[in-house]
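J.: below are the sequence and a predicted model for it; my questions follow.
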Amino acid sequence: MDSEAVTKQGYDALKDEFARIDAVADRDGFLAEVARLKHMAIPALLSLPIGQDEKNSAKFTLHLYQGGIGLPNRSYYVDTDDRAVGLRREYVNHVATMFHLLGDDTTKARARATAVMGIETELAKASRPLEALRDPIANYHPMTLEGAAKLTPAIRWKQFLEGASIANVDTVVVGQPEFFRQLEKTIAAHSIDDWKSYLRWHLANAYADKAGGEFEKADFHFFGTVLNGVPEQRPRWKRMLDEEENYLGDALGQLYVQKYFSPATKARYERLVTDIFAAFSDRIRNLSWMTPQTKERALQKLGTVIRKVGYPDKWRDYSRLVVDGGSYLANVRKAEEFEFLRPNCFKNAVTDATGAIVQPAGFRIKTIKLRGQVSQGICFPLAGVIPRSPRRPRDLLFVKC
């Protein structure tokens, strides 16, 4: 990683996006830019998570959720204890610092930071606290786009979603309707200049740790040290390995597999997993407290579990993601857009059970829900079955879960 080049380039790879924000002239243009920025994982205004429908896991559903804030959650904006008050003060200072590094004079930077904090505070106060988000029923409100439009008439949802490259959507799940009612008021209450400042901040904030130099230092000082008490940043080589795993996990996994996990070894551990399930089946049959009918249903459910061992049957296709040595930040931007826009990111269809749920080099067992309400999957990543020591017998390596 050429850290000097990264520092010299700064936000050069985002000049076009900053120019788009500067060119926003009205609220329709502002909302169009918010939608565009979703391609780049910019969490402005609201969240648009796409995942399995909580009441029909056989299909993906678009969710409209509260969001649009820079601090971790609502409590940071509304709590009145000394730490919360101090963190809010430091946050405004950090936002002002970032505006100053982007070229604003001190007075303008402070004014813009104050405007951003005002907008985010309104959104945070309309958001639900963490404990309220734990209730899946209370955060599940399916409705048509017409129904969503009644919450936020300013947002033409069909056009907005198409701007975010999410098409063919007629129904959504709204998590927190009261948030969107307030969002409508907040959109109208603030000037276009304030909204432009808000977007500039969220774009800069999302990529600050990729812009190097003073941007990266300021980002770590606040989000690492001030907010989380971390005194020193991790070595760059460790952070770069995390980036590779995050954006190119399957590509990295294929290299890992070639070196550490032959097809024969995969077959061996697939047999081990089959033996585990066979033992589980035998235990169910021999349970004295289960009725025959309950045992039959338990065995049927066990038979639907999808077993994923070592590495996926179908590797992710990265042919549309072009990574080069020109700009680290540009590569991250392209990777974010690729992830958002990749085929089958959103579809009202059966979920794909052939890809990786945990990257092959990962070390954890994960339970996954696939193909409807009655089917589950369990994932044994490659690092979970390769012994940590060459002296440790492979046949003794089991994971309790």
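T.: Looks like it arrived, so ask away.

J.: pLDDT weak spots in the stretch 1-150 of the chain?
T.: The model of the stretch 1-150 of the chain has pLDDT under 70 over residues 1.

J.: okay, strands next: where are they in it?
T.: 50-53, 56-64, 141-144 (DSSP state E, counting those that start in this stretch).

J.: same question, the stretch 251-400 of the chain
T.: Taking DSSP E, counting those that start in this stretch as the criterion, the stretch 251-400 of the chain contains strands spanning 306-310, 366-369, 376-381.

J.: tell me the domain ranges of the chain?
T.: For the chain, automatic domain parsing gives the domain ranges 3-233, 261-396.

J.: least reliable of the strands of the stretch 251-400 of the chain going by mean pLDDT?
T.: Of all the strands of the stretch 251-400 of the chain, the minimum mean pLDDT falls on strand 366-369 (a mean of 45).

J.: which one of the domains of the chain is the most hemmed in?
T.: Of all the domains of the chain, domain 3-233 carries the top mean neighbour count, a mean of 17, counting by mean count of other Cβ atoms under 10 Å. Any C-beta I mention is one placed from the backbone N, CA and C, and that applies to glycine too.

J.: coming back round to it: and of the domains of the chain, who's closest to residue 241?
T.: Residue 241 lies closest to domain 261-396 among those, at 9.5 Å (Cβ to Cβ).

J.: next one: residue 245 from residue 300, what distance?
T.: Distance, residue 245 to residue 300, by Cβ to Cβ, to the nearest Å: 37 Å.

J.: what does residue 33 give?
T.: Distance from residue 33 to residue 300, by Cβ to Cβ: 51 Å.

J.: kindly report the same for residue 290.
T.: Distance, residue 290 to residue 300, by Cβ to Cβ: 13 Å.

J.: residue 198 too?
T.: For residue 198, the distance to residue 300 equals 53 Å [Cβ to Cβ].

J.: what's the separation between residue 290 and residue 283?
T.: Counting by Cβ to Cβ, the gap from residue 290 to residue 283 is 10 Å.

J.: I meant residue 240, not that one.
T.: Taking Cβ to Cβ, one finds residue 240 at 45 Å from residue 283.

J.: what of residue 227?
T.: According to Cβ to Cβ, residue 227 and residue 283 sit 47 Å apart.

J.: what sits closest to residue 36 if chain neighbours are left out?
T.: residue 163 (6.0 Å; Cβ to Cβ, 6 or more residues apart in numbering).

J.: that neighbour: what's it in contact with?
T.: Neighbour list for residue 163: 31-32, 35-36 [criterion: Cβ atoms under 8 Å, 6 or more residues apart in numbering].

J.: out of the residues you listed, who's nearest residue 276?
T.: residue 35 (46.8 Å).

J.: what distance do you get for the nearest residue to that closest one once chain neighbours are set aside to residue 39?
T.: With sequence-adjacent residues excluded and distances taken as Cβ to Cβ, 6+ apart, residue 35 is closest to residue 163, at 3.3 Å. Distance check for residue 163 against residue 39: by Cβ to Cβ, it reads 9 Å.

J.: can you put the contacts of residue 163 in CSV and add distance to residue 21?
T.: Converted to CSV, the contacts of residue 163 look like this (distance: Cβ to Cβ, whole Å):
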residue, distance to residue 21
31, 13
32, 11
35, 13
36, 10
